[in-house]
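> Okay, structure incoming, though there's no sequence with it:
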């Protein structure tokens, strides 16, 4: 079982899915992409170096009954640094500092950690240094616009991934919605608000505050 899934099968799995999508999009943003959907992604991400956004996360079961609602803040600094901060229902922080991934359970004062290469191994994104085109990892196509958004669908080519479909929703000038369907029939939707592009992010956001931790668990 992957490291992040062992730490928290729900939240961490969604984190991995989101990160693998963003990594692939970031490293592919400079290429010449022919498909209309891929071009829409390319246009949005060109020149993007950092991102900060609030999010709401909704998880539905195979019967489309809502099971879980969570919210928090997401930070991304290129290259290879992330902070995924859940405010509720249970506070948790996931930090990738470019070398290691830390999953911090605030209430337990416990941190599980692993090298970033191992923690993200097996994802469609492969390594953070990946420079392969997006079409090598996903089938990309535009789908019908709805909810005032233009939608792009990504179908992973990796047969081992739990993700079977990803949809990216672009509003007027931003990627503000993301839908992920897994092989268990569950669907997770993330809506992003207060999106700040190329904002200056403090380096400490991507550093673990060890003063707030009593127990460290290594999975290397």
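In hand now; what should we look at? Treat the numbers as computed from the prediction; the structure is a model and nothing was measured.
> Please make it C-alpha for all contacts and neighbour counts, starting now.
OK.
> Specify the local secondary structure of residue 79.
In terms of secondary structure, residue 79 is coil; the call rests on DSSP: H, G, I helix; E, B strand; the rest coil.
> State the distance from it to residue 184.
32 Å (Cα to Cα, to the nearest Å).
> more neighbours, those two?
The neighbour count for residue 79 versus residue 184, taken as other Cα atoms under 10 Å, is higher for residue 79 (15 against 11).
> just checking, that one touches residue 98?
Yes. Residue 79 lies in contact with residue 98 (Cα atoms under 8 Å); the separation is 7.5 Å.
> Overlap in contacts, the two.
Common contacts of residue 79 and residue 98 (Cα atoms under 8 Å, 6 or more residues apart in numbering): none found.
> Spell out the residue ranges of the helices in this protein.
With helices called from DSSP state H, the chain shows them at 3-7, 11-28, 36-45, 116-119.
> buried set for the shortest one?
Right, helix 116-119. Buried positions in helix 116-119, judged by neighbour count with 16 or more other Cα atoms under 10 Å: 116, 118, 119.
> Run through the chain and note the low-pLDDT ranges.
1-38, 40-42, 44-45, 120-134 (pLDDT under 70).
> what are the ranges of the strands in it?
For the chain, applying DSSP state E gives strands covering 50-60, 66-77, 81-88, 92-96, 100-105, 110-115, 138-146, 149-156, 163-170, 175-182, 187-197, 215-218.
> could you dump these to a markdown table with mean neighbour count and distance to residue 207?
Shown next, in a markdown table, are the strands of the chain (neighbours: other Cα atoms under 10 Å; distance: least, Cα to Cα, whole Å):
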| stretch | mean neighbour count | distance to residue 207 |
| --- | --- | --- |
| strand 50-60 | 19 | 16 |
| strand 66-77 | 18 | 12 |
| strand 81-88 | 19 | 9 |
| strand 92-96 | 23 | 7 |
| strand 100-105 | 23 | 9 |
| strand 110-115 | 20 | 13 |
| strand 138-146 | 15 | 32 |
| strand 149-156 | 20 | 31 |
| strand 163-170 | 21 | 29 |
| strand 175-182 | 20 | 26 |
| strand 187-197 | 18 | 21 |
| strand 215-218 | 12 | 15 |
